[in-house]
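J.: with the sequence up front, the predicted model follows.
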Amino acid sequence: MKFGTKTIHAGITPDPSTGAIMTPIFQTSTYVQKSPGNHQGYEYSRTHNPTRTALQQNLAALENGKYGLCFASGLAAIDAILKLLNPGDEVISTNDLYGGTYRLFTKVFEKYGIKFQFVSMANPDTLEQFISPNTKLIWVETPTNPMMNIIDVVAVAALAKKHQVLMAVDNTFATPYLQNPLDQGADIVMHSVTKYLAGHSDVVMGAIVVNDPKLAEELAFLQNACGAVPGPQDCFLVLRGIKTLHIRMERHCQNGKTIAAYLKNHPKVAKVYWPGFEDHPNHDVAKRQMRDFGGMISFTLKSDQKESAFRLMENLEYFSLAESLGGVESLCGHPASMTHASIPKSEREKVGLSDSLIRLSVGIEDVEDLKKDISQALDKI
């Protein structure tokens, strides 16, 4: 089954009681049993819900995985992965990552005795020096948020397997349309479903996909025991959103390429971070492990002043100034004060995340309108 067909059909069957082609919203908390323990596979909706089951099966298929699990948010999914660990365990993470992930690692799990190292993974050959007998997890984002760094999943996965360490990949920016980390050797794929998978800025959700049955069992236990699960209405909305994922991502990529090139050639723009450029670090890796380069772009202005960045964002019309990304509408954000404010300034600056950096989530509007919008905003600085 090809990807576009999977988005519409994988894990989805018409409702057997009515023939409804859309998965019903099973808005129920509990299920009637014929006798204690004699039920139809569903007992309580924290544990299982048919709408959520359909979504989990669909997500697993999109990532070429066997087991999918949905959570109330992307951070709830990461929280479950970290709960696989024990006090004294160590995690190696990329040094450029989503601020919420950094906050969860350092402000929540460090106090339970888990140690985190934040290192550059641009060259996987330098990663092995950080692995110790206590290392239990390598955490990867690629492309990274917000610097768009590319990490070689195959190389890092090989290193993780050599040392019998789990490897997890946050695949939110790329989506399974652009890359499939499980196929490249990763053990766990995580998504903020809120973003491209749902695609319409109307749901908050997270997901995990794995192939190993023991790992799936442990994560399913945590999903049920800790209870951070999404409701059936949200699962229905994501199922509906995913049906157009391949079409939306194609347009995101087309528009992203056009906007990245426009910014790169603009006299007021200093630097554009987009993995599709041949001079982007690890561009060759991106070409090998991704099918296209996505609609996420970061850039800085030649004035290099936070005030200039603010003025530009305040004057954009079609690029709405807002948290999040991956919706059909274009968004702009200021990572230093928004998505990455929880990371200390000194740490942000080490990876190039300056106070003047602007991040764009290029939507699926007419690209000529988006170019005109950026042009008129740049004229005002």
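T.: Yes, it's here.

J.: right, and the secondary structure at Cys253 would be what?
T.: Recorded secondary structure, Cys253: helix (DSSP: H, G, I helix; E, B strand; the rest coil).

J.: now for it: which residues touch it?
T.: Applying Cβ atoms under 8 Å, 6 or more residues apart in numbering to Cys253 gives the contacts 178, 292-295. Every residue, glycine included, has its C-beta placed from N, CA and C.

J.: repeat that for 7 Å
T.: With contact taken as Cβ atoms under 7 Å, 6 or more residues apart in numbering, Cys253 is in contact with 292-295.

J.: now do stretch 182-193: everything it contacts.
T.: By Cβ under 7 Å, 6+ apart, stretch 182-193 touches 63-65, 74, 77-78, 81, 153-154, 157-158, 161, 166-172, 181, 197, 203, 205-212, 215, 238, 289.

J.: for Asn149, which three-state class applies?
T.: coil.

J.: that one touches Ala122, doesn't it?
T.: Yes: applying Cβ atoms under 7 Å, one finds Asn149 in contact with Ala122, separated by 6.2 Å.

J.: between the two, what contacts are shared?
T.: Common neighbours of Asn149 and Ala122 (Cβ under 7 Å, 6+ apart) are Pro281.

J.: CA atoms of the worst-scoring helix or strand of the chain on mean pLDDT as CSV?
T.: Taking mean pLDDT, DSSP states H and E as the measure, the chain has helix 345-350 as its least confident helix or strand, at a mean of 84. Taking C-alpha atoms only, helix 345-350 is exported to CSV below (Å, rounded to 0.1, in the frame of the first residue of the first chain):
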residue,chain,number,x,y,z
LYS,A,345,20.0,32.1,26.9
SER,A,346,23.6,31.0,27.2
GLU,A,347,22.6,27.5,26.0
ARG,A,348,20.4,28.9,23.2
GLU,A,349,23.3,31.0,21.9
LYS,A,350,25.7,28.0,21.9
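
J.: and the very next helix or strand once past that helix, what does it pack against?
T.: Per DSSP states H and E, the first helix or strand lying C-terminal to helix 345-350 is strand 358-361. The contact analysis (3 or more Cβ pairs under 7 Å, 6 or more residues apart in numbering; DSSP states H and E) places strand 358-361 against strand 296-301, helix 306-315, strand 331-333.

J.: quick one: residues in contact with the second one.
T.: This points to helix 306-315. With Cβ under 7 Å, 6+ apart as the test, helix 306-315 has contacts from 301, 321, 332, 334, 355-356, 358, 377-378, 380-381.

J.: of those, select the buried ones using a PyMOL command.
T.: Buried residues within the contacts of helix 306-315, by 16 or more other Cβ atoms under 10 Å, are selected in PyMOL with:
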select buried, resi 301+332+334+355+356+358+377+378+381
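
J.: okay if I get the contacts of helix 306-315 as a markdown table plus pLDDT and distance to Glu368?
T.: Converted to a markdown table, the contacts of helix 306-315 look like this (pLDDT from 0 to 100; distance: Cβ to Cβ, whole Å):
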| residue | pLDDT | distance to Glu368 |
| --- | --- | --- |
| Leu301 | 95 | 22 |
| Leu321 | 97 | 21 |
| Cys332 | 98 | 18 |
| His334 | 94 | 25 |
| Asp355 | 88 | 31 |
| Ser356 | 89 | 27 |
| Ile358 | 96 | 21 |
| Ala377 | 98 | 15 |
| Leu378 | 97 | 16 |
| Lys380 | 95 | 19 |
| Ile381 | 90 | 21 |
